[in-house]
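*Asks:* Just to be clear, the model below is a prediction. Sequence and coordinates:
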Amino acid sequence: MNLIQLFDLSFHGRATEPALEWLGDTYTFADLDARSNRMAGLLQERGLQQGDRLGIYLANRIEYVDLYLACLKLGVIAVPINILYRERELTHILNDAQPKLLITAAEMEELNAAALAMPATRPPIHIDGDRAAAIIYTSGTTGASKGAVLTHNNFASNAVNLLAAWRITAEDRLLLALPLFHVHGLANGLHCWLISGLRLRLLERFEAASAEREFLDFQPTVFFGVPAMYVRLMDLPEPTARKIGAAARLFVCGSAPLPAQLMTSFRDLYGSVILERYGMTETLMNISNPYAGERRPGSVGFPLPGVSVKIVDGEVLVKGPNVFREYWGRPEATAKAFTDGWFHTGDVATQSPDGYITLEGRRSDLIISGGFNIYPREIEEFLMEQPEVAEAAVAAQPDRVRGEVPIAYLVVSDECDLAEIEARCRAALASFKIPRAFHRVQALPRNALGKVQKHLLPKPS
């Protein structure tokens, strides 16, 4: 079964129900089905066929949904591209995926006009579940990004898992501000919406200035976010936070580690415990805290149904129907990423006696100082517990004697006494974990999903 057949639960089963709110207009599921049928006809007219790639370089908008659904209906492989990427990164992806057509905002007015002339008849094409649905590129923080080939079955198993594990139904209302070029917004947000038949309000982006208005007006029952969004939501006044928390039954966080202190503070302000989960571009969702049960601060919970997880030499290995097929055009990288069918995530974790899995950071982030292993996240968690610290990142600095040592980058006010922060670290942490320097920065460099890009941190002088 392919994704469109699953989406027909809504396209046909809930055809006249309100499906999508976008810029003040409301569209039914039948509207979306017809719009994407027209777009599919137009792409066919432009020469696209099964197996071709279509590059989508757009911010969130209704036409993104049209184009993506059209690809799925034609068997064309969607290539979502981060809208923040510029010439160097864009050129790499275009040379790698070689899409037959690239859609940008400049083409949308002409495409919309042309699509209106097309019949709203679905293309009579059968798509097998093992066919590629999308190629989504990794963030590329340690080298050129690779395209993860995700199939209809990968996406379907992921969405069905989340619908069951998080009790998502047609009665829900999802406020989606995550970018659709990322698996968090696409695989979790868009797919869960279209299968369940819930009502979605799509935002072009998350904006702190308009967050209060959007939440109070739409009153979502479900919100998918990243830590940076939850940091901004902590700035809302308590009466507003209580109203939002009373309406919502589920706040989910992923794409970057959720500081335990932020989880606790959000619970105190909103009256709701954030559900943290763990996934990757290559694997979609792997692990989740329970919907009914303890959502443990700092932990990502248990493997999702059908997903096998084991920790070998500290590294998380994953196997299951959610795991991608291959890296596009990179057989050697694909072979290196797997051992006996197990995918090497590169993430380091521990597991408690009662099964909860806690991520310690990326294996590539590991700092080895004088023979001691240091996981930056442990230090970052402690720094984030300090009331003066808004954001924190810990990275390695070369050292002649110890090989490398940790240094800290902090977003703090000018009045903050960094010597006091260092003193607290000395009182709470082992000596080899204490950052050798504390640098005050205006902001941490982040990608579109809020993940800190440590390779872009300023180099100490």
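*Replies:* Looks like it came in fine.
*Asks:* Verify the contact between Ile421 and Gln386 for me.
*Replies:* Yes. Between Ile421 and Gln386 there is a contact at 6.1 Å, judged by Cβ atoms under 8 Å. No exception for glycine: its C-beta is placed from N, CA and C like everyone else's.
*Asks:* who's more crowded, those two?
*Replies:* Legend: neighbour count by other Cβ atoms under 10 Å for Ile421 and Gln386, higher for Ile421 (21 against 17).
*Asks:* right, and the helix or strand after the helix or strand hosting the more buried one?
*Replies:* Secondary structure assignment for Ile421, by DSSP states H and E: helix 418-428. Where DSSP H and E defines the elements, the next helix or strand beyond helix 418-428 is strand 438-440.
*Asks:* Parallel or antiparallel, which strands does the helix or strand of the chain with the lowest mean pLDDT pair with?
*Replies:* When the helices and strands of the chain are scored by mean pLDDT, DSSP states H and E, strand 372-374 comes last with a mean of 80. Sheet pairing for strand 372-374, assigned by DSSP bridges, gives strand 367-369 (antiparallel).
*Asks:* List the buried residues in the partner strand.
*Replies:* 367, 369 (16 or more other Cβ atoms under 10 Å).
*Asks:* Just give the number of residues close to the closest residue to Phe11 other than its chain neighbours.
*Replies:* Sequence neighbours aside, Asp33 is the residue nearest to Phe11 in space, at 4.1 Å (criterion: Cβ to Cβ, 6 or more residues apart in numbering). Other residues lying near Asp33 total 23 when counted by other Cβ under 10 Å.
*Asks:* Spell out the secondary structure type for Asp33.
*Replies:* Three-state assignment for Asp33 (DSSP: H, G, I helix; E, B strand; the rest coil): helix.
*Asks:* Tell me where the chain is predicted with low confidence.
*Replies:* 139-143, 461 (pLDDT under 70).
*Asks:* Walk me through the domains of this structure.
*Replies:* 3-357, 366-456 (automatic domain parsing).
*Asks:* from those domains, which stretch is densest packed?
*Replies:* domain 3-357 (a mean of 19; mean count of other Cβ atoms under 10 Å).
*Asks:* And the helices in the stretch 351-461 of the chain?
*Replies:* 376-384, 418-428 (DSSP state H, counting those that start in this stretch).
*Asks:* will you turn these into a markdown table that also has distance to Phe11?
*Replies:* Output for these, formatted as a markdown table (distance: least, Cβ to Cβ, whole Å):
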| stretch | distance to Phe11 |
| --- | --- |
| helix 376-384 | 42 |
| helix 418-428 | 55 |
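*Asks:* Return the distance of the residue lying farthest from the centre of the chain relative to Ile125.
*Replies:* No residue in the chain sits farther from the centre than Val401, which is 38.9 Å out by Cα atoms, centre = their mean. Per Cβ to Cβ, to the nearest Å, Val401 is found 64 Å from Ile125.
*Asks:* just Glu238 next, same as before
*Replies:* 53 Å.
*Asks:* Ala115 too?
*Replies:* 18 Å.
*Asks:* where along the stretch 1-150 of the chain do the helices fall?
*Replies:* So, for the stretch 1-150 of the chain - with DSSP H, counting those that start in this stretch - the helices run 3-11, 29-45, 62-74, 87-97, 105-116.
*Asks:* What is the third one packed up against?
*Replies:* Spelled out, that is helix 62-74. helix 3-11, strand 18-22, helix 29-45, strand 53-57, strand 77-80, helix 105-116, strand 132-137 (3 or more Cβ pairs under 8 Å, 6 or more residues apart in numbering; DSSP states H and E).
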